[in-house]
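# Using only what follows, build the 3D model:
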Amino acid sequence: MWPLLTMHITQLNRECLLHLFSFLDKDSRKSLARTCSQLHEVFEDPALWSLLHFRSLTELQKDNFLLGPALRSLSICWHSSRVQVCSIEDWLKSAFQRSICSRHESLVNDFLLRVCDRVRGLNDTVAPGTQ
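Now for the predicted structure:
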């Protein structure tokens, strides 16, 4: 019988670590990156962050992702009764509903400005339907 060999995750080369990280969600990547400096360096590798998907407004405020030049796809998509209110004509909304919509709009706009500042060439693209 062969002897059982053990290996620590940090003994893997960078390509293997990037591959492993690619299977993790944003929170799991951040948690693993907190365990040691070598894994934190992998977390900060722009190649790991070519695709970002956000399912809620609170995800935009977390520190569990990296914005960088490798970003190729960004998705911000969520649905809730509060967001649904934002699609109603402004004059039909109560003051409370207008306040919610204003916060949503401000949060998303601030986030998108951060994306544009950190991802080169994104400012030059035109969104479909805005030409």
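
# from what I can see His40 touches Arg34, true?
Yes. The criterion here is C-beta atoms under 8 Å, and His40 meets it with Arg34 at 7.2 Å. In this view, the C-beta of every residue, glycine as well, is placed from N, C-alpha and C.

# Which one of the two is surrounded by more residues?
His40 (13 against 10; other C-beta atoms under 10 Å).

# what number of residues lie near the residue nearest to that one when sequence neighbours are not counted?
Among residues not flanking His40 along the chain, Ala33 sits closest, at 4.5 Å (C-beta to C-beta, 6 or more residues apart in numbering). Applying other C-beta under 10 Å, we find 20 other residues in the vicinity of Ala33.

# And for Cys116?
Applying other C-beta under 10 Å, we find 15 other residues in the vicinity of Cys116.

# Use 609 as the first number for this chain going forward.
With 609 as the first residue, the last one maps to Cys724.

# Now whatever helix or strand it lives in - C-alpha only, CSV.
Using DSSP states H and E, Cys724 maps to helix 703-726. The C-alpha trace of helix 703-726 is given here as CSV (Å, rounded to 0.1, in the frame of the first residue of the first chain):
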residue,chain,number,x,y,z
ALA,A,703,-42.6,60.3,-0.2
PHE,A,704,-41.5,57.0,1.3
GLN,A,705,-41.4,55.2,-2.0
ARG,A,706,-39.5,58.1,-3.7
SER,A,707,-37.0,57.9,-0.8
ILE,A,708,-36.4,54.2,-1.4
CYS,A,709,-36.0,54.7,-5.2
SER,A,710,-33.6,57.5,-4.7
ARG,A,711,-31.4,55.4,-2.4
HIS,A,712,-31.5,52.5,-4.9
GLU,A,713,-30.6,54.8,-7.8
SER,A,714,-27.8,56.5,-5.8
LEU,A,715,-26.3,53.1,-4.7
VAL,A,716,-26.3,51.7,-8.2
ASN,A,717,-25.0,54.9,-9.8
ASP,A,718,-22.1,55.2,-7.3
PHE,A,719,-21.2,51.5,-7.9
LEU,A,720,-21.2,52.0,-11.6
LEU,A,721,-19.0,55.0,-11.3
ARG,A,722,-16.5,52.9,-9.4
VAL,A,723,-16.6,50.3,-12.1
CYS,A,724,-16.0,52.9,-14.8
ASP,A,725,-13.1,54.4,-12.8
ARG,A,726,-11.4,51.0,-12.4
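
# Great, nothing more from me.
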